[in-house]
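Student: How does the following fold in three dimensions:
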Amino acid sequence: MKQAGWRIAPELPQNLIQAQRDAFGAHTYQRRDRPDAGFIHSDWS
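Tutor: Numbering: from 1, shown residues only. Purely as a prediction, here's the structure:
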(Lines give C-alpha, C1' and ligand atoms only; values in the text may rest on other atoms or scores of the structure.)
Protein backbone atom coordinates (compact mmCIF):
# COMPACT_ATOMS: atom_id res chain seq x y z
CA MET A 1 0.00 0.00 0.00
CA LYS A 2 1.41 3.35 -0.99
CA GLN A 3 1.57 5.96 1.77
CA ALA A 4 0.13 9.39 1.23
CA GLY A 5 2.75 12.11 0.75
CA TRP A 6 1.58 14.04 3.80
CA ARG A 7 2.43 11.12 6.08
CA ILE A 8 6.12 11.39 5.29
CA ALA A 9 6.34 15.19 5.29
CA PRO A 10 7.24 16.19 8.87
CA GLU A 11 6.66 19.90 8.23
CA LEU A 12 3.02 19.51 7.15
CA PRO A 13 1.36 19.89 10.57
CA GLN A 14 3.33 23.08 11.22
CA ASN A 15 2.56 24.41 7.74
CA LEU A 16 -1.14 23.72 8.17
CA ILE A 17 -1.26 25.50 11.52
CA GLN A 18 0.70 28.45 10.13
CA ALA A 19 -1.68 28.73 7.16
CA GLN A 20 -4.68 28.74 9.50
CA ARG A 21 -3.08 31.41 11.68
CA ASP A 22 -2.37 33.53 8.62
CA ALA A 23 -5.92 33.09 7.32
CA PHE A 24 -7.53 34.23 10.58
CA GLY A 25 -5.15 36.98 11.62
CA ALA A 26 -2.20 39.12 10.71
CA HIS A 27 0.30 36.32 11.18
CA THR A 28 3.08 35.83 8.70
CA TYR A 29 5.02 32.92 7.30
CA GLN A 30 8.39 32.36 5.70
CA ARG A 31 8.72 30.37 2.49
CA ARG A 32 11.14 27.47 2.66
CA ASP A 33 12.05 27.83 -1.01
CA ARG A 34 12.76 31.59 -0.67
CA PRO A 35 14.09 32.30 2.84
CA ASP A 36 15.67 35.53 1.55
CA ALA A 37 12.19 36.93 0.80
CA GLY A 38 11.57 37.49 4.51
CA PHE A 39 8.22 37.01 6.17
CA ILE A 40 5.10 37.10 4.01
CA HIS A 41 1.45 37.77 4.75
CA SER A 42 -1.12 36.58 2.23
CA ASP A 43 -4.67 37.85 1.91
CA TRP A 44 -6.59 34.57 1.66
CA SER A 45 -10.02 36.11 1.24
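
Student: how about the closest residue to residue 37 other than its chain neighbours, phi and psi?
Tutor: Nearest in space to residue 37, with sequence neighbours left out and distances taken as CB to CB, 6 or more residues apart in numbering, is residue 31 at 5.9 Å. The C-beta positions use only the backbone N, C-alpha and C, and glycine is treated the same way. Dihedral angles of residue 31 (phi, psi; degrees, to the nearest 10) stand at phi -70, psi 130.

Student: what number of residues lie near residue 31?
Tutor: 11 (other CB atoms under 10 Å).

Student: remind me which residues of the chain are low pLDDT?
Tutor: 1-12, 26, 44-45 (pLDDT under 70).

Student: can you give me the helices for this structure?
Tutor: Ranges of helices in the chain, per DSSP state H, are 12-24.

Student: Could you pull up the residues touching the residue nearest to residue 41 when sequence neighbours are not counted?
Tutor: Spatial nearest neighbour of residue 41, excluding adjacent residues (CB to CB, 6+ apart): residue 28 at 4.8 Å. By CB atoms under 8 Å, 6 or more residues apart in numbering, residue 28 lies in contact with 22, 39, 40, 41.

Student: for residue 19, same thing?
Tutor: Residue 19 sits next to residue 29 when contact means CB under 8 Å, 6+ apart.

Student: circling back to that earlier point, quickly name whichever of the contacts of residue 28 is closest to residue 15.
Tutor: For the contacts of residue 28, the minimum distance to residue 15 (CB to CB) is 10.4 Å, reached by residue 22.

Student: Leaving out the residues flanking it, which one is nearest to the closest one?
Tutor: Excluding the flanking residues, the one nearest residue 22 by CB to CB, 6+ apart is residue 29, at 5.8 Å.

Student: Narrow the contacts of residue 28 to just the buried residues.
Tutor: residue 22 (16 or more other CB atoms under 10 Å).

Student: Greatest separation within the contacts of residue 28: which pair is it?
Tutor: Going by CB to CB, the pair spanning the contacts of residue 28 furthest: 22 and 39, at 10.3 Å.
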